[in-house]
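*Asks:* Structure for this input, please:
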Amino acid sequence: MQLTCRFYKNKLPETDELVMVCITQIEEMGVDTGLLEYNNTKGMILLSEISRRRIRSINKLIRVGRKEVAVVLRVDADKGYIDLSKYRASPEDIVKCEEKFFRGKTVNSILYHTAEVTGVQTNLEFEELYEKTAWYYDEKYGKQGAVYDVFVRAANNEHELDDCQIDETTRKVLINNIRHHVSSQAVKYRADVEVACYGYEGIDAVKAALKEGLKASTEEMPIKINLIAPPLYAVTATFRDRTEGINALNNVIQKIRQTIEQYRGIFKIKMEPTMVTDANDRSPQEIIKDTQVSDDESDDSDSNEGK
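*Replies:* Residues are numbered from 1 along each chain as shown. Okay, here's the model as predicted:
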């Protein structure tokens, strides 16, 4: 039996909460989803909540199987309705939700492997383990996902779990799993930028700017810059510390910007430095499609305003 449990004590999300969903089906009225942090509880994104602009093709904006960040609009616990919005999630909201989901998924993996080793047989028993660990610390510190920070501290100091009401055998297995996950966990960060020069220097200016950015790369902190499709580039790095990772990418971006602007070139940040998760680790083909969709929507909006 595959053990499953929601990430948080509440069985359903609250209004205005940011949630990570997986698209399961596209209907006439909207898009069916599974709320990944709530054990795939069903929700729906109404068509009017997918985009602010007129939708030319829903299949270009939403794909079955893709993970999206959504805002909870309404929750009807009696009828089991959860209405969601995609477009109301700001870029800052998306970054926060993706990081929260990453943390919750890490905790879930730690507890799942602990349950496997200790012989947990049912989802009810798995929920009891959550109750004594993750949900206990979330409630203690008054924040969803607070347990992640507790587990990180426990990797170096197991006494962080002294107030955890689990037996000694489970505690030892839990600490071993925490140390394994935390010590092996390096996180990828990414930023997408547009770099172009339409003057005399042209491609040479772009190459010079990218090379200047790569000078920030070291053996301990390797930076990669990959072409997605001209003029779009992905700047990536892998770090254990979030602040360190974002600061490093910002440093690279600043060097690229300063150099290309010296050649009177064009620079634009398309995606701020962000932790890469399953939800936002898109292939170049997907990024190109999304860019084309954005352009199409702008054209539609402009044409509608002129009518």
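
*Asks:* pLDDT below threshold where in this protein?
*Replies:* 1, 55, 183-186, 277-307 (pLDDT under 70).

*Asks:* Geometric centre of it: which residue is closest?
*Replies:* Geometric centre of the chain, nearest residue: residue 98, 2.5 Å, by Cα atoms, centre = their mean.

*Asks:* roughly how far apart are that one and residue 105?
*Replies:* Residue 98 is 10 Å from residue 105, where distance means Cβ to Cβ, to the nearest Å. Every C-beta, even on glycine, is put in place using the N, C-alpha and C of the backbone.

*Asks:* same deal with residue 223?
*Replies:* Per Cβ to Cβ, residue 223 is found 26 Å from residue 105.

*Asks:* just residue 239 next, same as before
*Replies:* 18 Å.

*Asks:* Would you map out the domains in the protein?
*Replies:* For the chain, the structural domains run 18-89, 92-183, 187-276, going by automatic domain parsing.

*Asks:* so which of those domains gets nearest residue 3?
*Replies:* The closest of the domains of the chain to residue 3 is domain 92-183. By Cβ to Cβ, the value is 4.6 Å.

*Asks:* Skipping adjacent residues, who's closest to residue 170 in space?
*Replies:* Nearest residue to residue 170 in three dimensions, chain neighbours excluded: residue 118, at 5.2 Å (Cβ to Cβ, 6 or more residues apart in numbering).

*Asks:* List the residues that contact the one you found.
*Replies:* Counting by Cβ atoms under 8 Å, 6 or more residues apart in numbering, residue 118 touches 169, 170, 173.

*Asks:* Name the SS class of the last one, please.
*Replies:* If I follow you right, that is residue 173. What DSSP: H, G, I helix; E, B strand; the rest coil gives for residue 173 is helix.

*Asks:* mind checking how far the residue nearest to the centre of the chain is from residue 243?
*Replies:* 16 Å.

*Asks:* Could you do residue 95 as well?
*Replies:* For residue 95 relative to residue 243 (Cβ to Cβ), the value is 14 Å.

*Asks:* Same question for residue 35.
*Replies:* With Cβ to Cβ as the criterion, residue 35 and residue 243 are 29 Å apart.

*Asks:* and what of residue 20?
*Replies:* Distance from residue 20 to residue 243, by Cβ to Cβ: 23 Å.

*Asks:* Which one's more surrounded, these two?
*Replies:* residue 20 (26 against 8; other Cβ atoms under 10 Å).

*Asks:* Let me know the secondary structure of that one.
*Replies:* Assignment for residue 20 (three-state DSSP): strand.

*Asks:* Wait, it touches residue 102, no?
*Replies:* No. Taking contacts as Cβ atoms under 8 Å, residue 20 lies outside contact range of residue 102: 9.4 Å.

*Asks:* residues near residue 10, how many?
*Replies:* By other Cβ under 10 Å, 13 other residues sit near residue 10.

*Asks:* how about the nearest residue to residue 9 once chain neighbours are set aside, what does it touch?
*Replies:* Ranked by Cβ to Cβ, 6+ apart and with sequence neighbours excluded, the top spatial neighbour of residue 9 is residue 135, at 4.1 Å. By Cβ under 8 Å, 6+ apart, residue 135 lies in contact with 8, 9, 147.

*Asks:* Now do the SS call for residue 249.
*Replies:* Residue 249 - assigned by three-state DSSP - is helix.

*Asks:* For it, grab the count of nearby residues.
*Replies:* 24.

*Asks:* now do residue 174
*Replies:* 26.

*Asks:* Hmm, residue 112 is touching residue 3, no?
*Replies:* Yes. With contacts counted by Cβ under 8 Å, residue 112 reaches residue 3, the gap being 6.1 Å.

*Asks:* got any residues that touch both of those two?
*Replies:* In contact with both residue 112 and residue 3: residue 126, using Cβ under 8 Å, 6+ apart.

*Asks:* Closest one to residue 275 out of the contacts of residue 118, please.
*Replies:* Using Cβ to Cβ as the measure, the one of those that approaches residue 275 most closely is residue 173, at 28.0 Å.

*Asks:* In contact with the closest one, which residues?
*Replies:* With contacts defined as Cβ under 8 Å, 6+ apart, residue 173 is in contact with 114, 117, 118.
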